[in-house]
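# Structure here, sequence nowhere to be found:
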């Protein structure tokens with residue numbers, strides 16, 4: 001059996017080939033570059049630079065009969081602590097920046113005719129904070145009017 005006669009039938013002539021060698025090499029290089037980019041994205045964690053919102057659970061209630069505002073941190077979620085902010089603190093009752101609230105912490109601010117912790121009217125906000133990325137997100141807010 002003469003195999004040299006079968007070779008042109010198996011390989012085909014130059015006109016019968018489906019893809020030229022140059023196009024084949026270009027396709028292989030393109031696939032390799034795309035694959036390297038995908039692997040580099042996973043290895044270098046390029047998708048991890050997207051920031052997260054700080055999340056926390058806070059219970060805030062206004063008790064009009066007792067002229068009080070109660071705040072309790074029920075969960076921290078992905079945040080490190082919760083800060084309370086208000087433009088209506090009376091006197092020295094405003095919490096300092098070092099007073100961070102954690103899970104289970106509860107505070108009550110009272111209005112007592114001008115001598116209490118808070119003014120007669122106002123608004124208080126709870127802000128969840130992630131220290132590492134310095135992300136702050138408001139997670140609760142309450143307004144009061146004890147007049």
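Looks like it arrived, so ask away. Every value quoted in this text rests on a predicted model; they were computed, and no experiment measured them.
# For residue 119, grab the count of nearby residues.
The local packing of residue 119 (other Cβ atoms under 10 Å) involves 15 other residues. Every C-beta, even on glycine, is put in place using the N, C-alpha and C of the backbone.
# What separation do you get for it and residue 35?
According to Cβ to Cβ, to the nearest Å, residue 119 and residue 35 sit 64 Å apart.
# which residues of the chain score low on pLDDT?
1, 12-19, 46-51, 87-99, 114-116 (pLDDT under 70).
# So which bits of the helix or strand harbouring residue 136 are buried?
Residue 136 belongs to strand 135-145 when elements are defined using DSSP states H and E. By neighbour count on 16 or more other Cβ atoms under 10 Å, the buried set for strand 135-145 is 135, 137, 139-140, 142, 144.
# Ok, stretch 42-61 next?
Neighbour-count burial for stretch 42-61 [16+ other Cβ under 10 Å]: 54, 56-58, 60.
# What about these, which are in helices?
Applying DSSP state H to those, no entry is found in helices.
# My guess is residue 137 contacts residue 58. True?
No - look at residue 137 against residue 58 with Cβ atoms under 8 Å: they stay out of range, at 11.1 Å.
# can you give me the offset of the strand holding residue 136 from its chain's centre?
Distance of strand 135-145 from the chain centroid (Cα atoms, centre = their mean, to the nearest Å) equals 18 Å.
# So what are the sheet partners of the helix or strand containing residue 129 and their directions?
Using DSSP H and E, residue 129 falls within strand 121-130. Strand 121-130 has its sheet partners listed here by DSSP bridges as strand 81-86 (antiparallel), strand 135-145 (antiparallel).
# Report the buried residues of it.
Neighbour counts over strand 121-130 (16+ other Cβ under 10 Å) mark 122, 124-130 as buried.
# I am finished for the moment; much appreciated.
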